[in-house]
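Engineer: sequence plus predicted model, see below.
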Amino acid sequence: MSSQKVAAWSHAEEFVTPTEHVDEATHRGEELGAPAVGNGVGAVLQMLAAATGAKAVMEIGTGAGASGLWLLGGMPADGILTTIDLETEHQRAARDAFAAAGIAHQRTRVIAGRALEVLPRMTDGAYDLVVVDADKEEYPDYLAQATRLLRRGGTLVMTWSDRESDPASRDAETRTLRAVGRSIRDHDEFTVSLLPVGEGLLVAVKR
Ligand SMILES: C[S@@+](CC[C@H](N)C(=O)[O-])C[C@H]1O[C@@H](n2cnc3c(N)ncnc32)[C@H](O)[C@@H]1O
């Protein structure tokens, strides 16, 4: 990649400044071993939530709440973020982050549990936006659940990995991501794009 391209990517990553609350949640996520999305991905999440007027958002992988704060920053004032994480300590950090940012408690549903045990209990077609940032080896199952949960015209976002584009990478997680990418790209029900932001961000709209 040319140095100009690297500089352009780097500039895009820093183009939108995170709030102090996002910064705090990002640092807490690092401490807890739940790395938050970077500024570039966060800004895209916020922009997508705003562009789609997403009132019902499902997030898989709360972490310490940084991505949730980006999403809430773009959602309408009556929008509700449902977010799932299996670690109670991460959830506590996220709840603290939402409270510190002045988010009304009725705007967030922080659900404890394994995503694949919680998601089947959620209503079909009830979500405008589904954001996936958890266990990459479970992405095929998250995709099946997200396809069911999204309304027509709803948007799916999956955080990606920069190893996926490297032919030398053949670990299980990377192979799973490749399979998920192909399956969404070949799926009649989705219009998809892989955005070169962060480690990649797969964005797909359900037709
Ligand atoms: C990369 S961190 C999420 C960071 C968060 N999205 C952010 O940007 O602030 C991944 C999170 O997924 C959670 N997680 C991993 N596997 C999970 C599973 N099977 N079900 C629910 N949560 C899971 C982890 O506990 C961790 O908090």
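Structural biologist: Good, I have the coordinates.

Engineer: what sits against whichever residue of the chain sits closest to the ligand?
Structural biologist: Residue of the chain nearest the ligand, by C-beta to the nearest ligand atom: Gly63 (2.6 Å). In this view, the C-beta of every residue, glycine as well, is placed from N, C-alpha and C. With contacts taken as C-beta atoms under 8 Å, 6 or more residues apart in numbering, Gly63 has the following neighbours: 25, 29, 32, 34-36, 85, 90, 93-94, 133.

Engineer: now intersect these with the strands, please.
Structural biologist: Counted as lying in strands by DSSP state E, out of these, are Asp85.

Engineer: which two among the contacts of Gly63 are spaced furthest apart?
Structural biologist: Within the contacts of Gly63, Ala93 and Asp133 form the most distant pair, 15.0 Å apart (C-beta to C-beta).

Engineer: phi first, then psi, for the residue nearest the centre of the chain.
Structural biologist: Centroid-nearest residue in the chain, with C-alpha atoms, centre = their mean: Val131, separated by 3.6 Å. Backbone torsions for Val131, taken as degrees, to the nearest 10, come to phi -120, psi 120.

Engineer: now do the contacts for it.
Structural biologist: By C-beta under 8 Å, 6+ apart, the residues touching Val131 are 45, 57-60, 67, 71, 157-158.

Engineer: just to revisit the earlier point, can you select the buried ones among the contacts of Gly63 for me in PyMOL?
Structural biologist: The following PyMOL line selects those of these that are buried, judged by 16 or more other C-beta atoms under 10 Å:
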select buried, resi 25+29+32+34+36+85+90+93+94+133
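
Engineer: of the contacts of Gly63, which ones also sit close to the ligand?
Structural biologist: 29, 34-36, 85, 90, 133 (C-beta under 6 Å from any ligand atom).

Engineer: ok so, going back, from the contacts of Val131, which are also near the ligand?
Structural biologist: Filtering the contacts of Val131 for neighbours of the ligand using C-beta under 6 Å from any ligand atom leaves Ser67.

Engineer: what about the contacts of Val131, which are in strands?
Structural biologist: Of the contacts of Val131, the ones assigned to strands by DSSP E are 57-60, 157-158.

Engineer: so which of those comes closest to Thr174?
Structural biologist: Distance to Thr174, by C-beta to C-beta, is smallest for Met158 among those, at 13.9 Å.

Engineer: wait, that closest one touches Glu138, no?
Structural biologist: No. If you go by C-beta atoms under 8 Å, Met158 and Glu138 don't touch, sitting 11.3 Å apart.

Engineer: neighbour-wise, which of those two wins?
Structural biologist: Between Met158 and Glu138, counted using other C-beta atoms under 10 Å, the more crowded position is Met158 (26 against 16).
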